[in-house]
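Student: my questions are about this predicted structure, shown below with the sequence.
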Amino acid sequence: MAFRFIDSHCHFDFAPFKGNEALYLQMAKDRGVTTFIVPSVNQSNWNQVNGLSKQFDGIYYALGIHPLFITSNYEKELESLAALLDEENNKCVAIGECGLDFWHQDNDKEIQISVFRQQCLLAKKHQLPLIIHSRKSHDMVVKLLREIKPERGGVIHGFSGSLQQANQFIELGFYIGVGGVISYERAKKTKMVVSQLPLDKILLETDAPDMPLFGFQGQKNTPDKVQKVCKHLALIRKESMQTISETVYKNTTSLFGI
């Protein structure tokens, strides 16, 4: 039985993919990965992710401002983002990567919250899902989502919170992004959480070229590894690869409208 996968979060405009796209796309396709969602980090790579979607059928993209890539020019960037989203483009399937990152104490939380709030409002206006980066900030992300109520929901990328936090996001219409972290023995809490989530609320992702799986530490992560993430998830949940791959494929096409 051949499996079909979508890498729901892959930075395909970064090295080592840049300039070698055909090679890495073929590697992925050889492992059943047919479709890729490429989020941006700020205005510096909006054109690149759009360009990749025009060049390759299986690539879709998201426009957003990542909390760790907020520049001093963020107000103008938000205006530019709003203007771009007003243009019709059916391969722009989400707003992201956006969110909050309170890991580093020296980051300006108030600016992060303001930039994220504006993107949530844009998601609501344009009826687009959100691709959310949330680190040490789940409670504030939940608070803002409850306040704004973006109807199309989205995905909490690279989730590593508690089961209670995951369920709060699910109640708000969000999916939980599961990646290579579940391949590590030490990730006991995350593995326990993904074993108990409803399968119809899970997406698979690599975060390539970051977040390599166990056994590939020190190497650039690649989108073909979605198959390995699925394999680990099947072992953790004691379900078949077929069941997981089919359900998660439907989840992803449903969320992003592809």
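Tutor: Received it, and whenever you're ready, just let me know what you need. Numbers count the residues shown, from 1 in each chain.
Student: which ones are touching Phe102?
Tutor: Neighbour list for Phe102: 109, 112, 135-137, 140 [criterion: C-beta atoms under 8 Å, 6 or more residues apart in numbering]. Yep, even glycine has a C-beta here, placed from its N, CA and C like the rest.
Student: mind doing that once more with 10 Å?
Tutor: Applying C-beta atoms under 10 Å, 6 or more residues apart in numbering, we find Phe102 in contact with 67, 109, 112-113, 134-141.
Student: ChimeraX command to pick out the buried ones of those residues?
Tutor: Here is the ChimeraX command that selects only those of these that count as buried (16 or more other C-beta atoms under 10 Å):
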select :67,112,113,134,135,137,138,140,141
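Student: of the contacts of Phe102, which belong to helices?
Tutor: Using DSSP state H, 109, 112-113, 138-141 are the members of those that sit in helices.
Student: dump those into a markdown table; add pLDDT and distance to Thr206 as well.
Tutor: As requested, the ones in helices among the contacts of Phe102 are arranged in a markdown table below (pLDDT from 0 to 100; distance: C-beta to C-beta, whole Å):
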| residue | pLDDT | distance to Thr206 |
| --- | --- | --- |
| Lys109 | 94 | 29 |
| Gln112 | 97 | 25 |
| Ile113 | 98 | 28 |
| His138 | 96 | 22 |
| Asp139 | 95 | 27 |
| Met140 | 97 | 26 |
| Val141 | 98 | 22 |
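Student: closest one of those to Val49?
Tutor: Gln112 (21.6 Å; C-beta to C-beta).
Student: identify the residues contacting Ser44.
Tutor: Under the criterion of C-beta under 10 Å, 6+ apart, the neighbours of Ser44 are 69, 71, 77.
Student: for these, which single residue is the most surrounded?
Tutor: Comparing these by number of neighbours (other C-beta atoms under 10 Å), Glu77 comes first, having 21 neighbours.
Student: surely that one is within a helix?
Tutor: Yes. According to DSSP: H, G, I helix; E, B strand; the rest coil, Glu77 belongs to a helix.
Student: thought it was touching His66?
Tutor: No. Contact criterion C-beta atoms under 10 Å: Glu77 and His66 do not qualify, at 11.2 Å.
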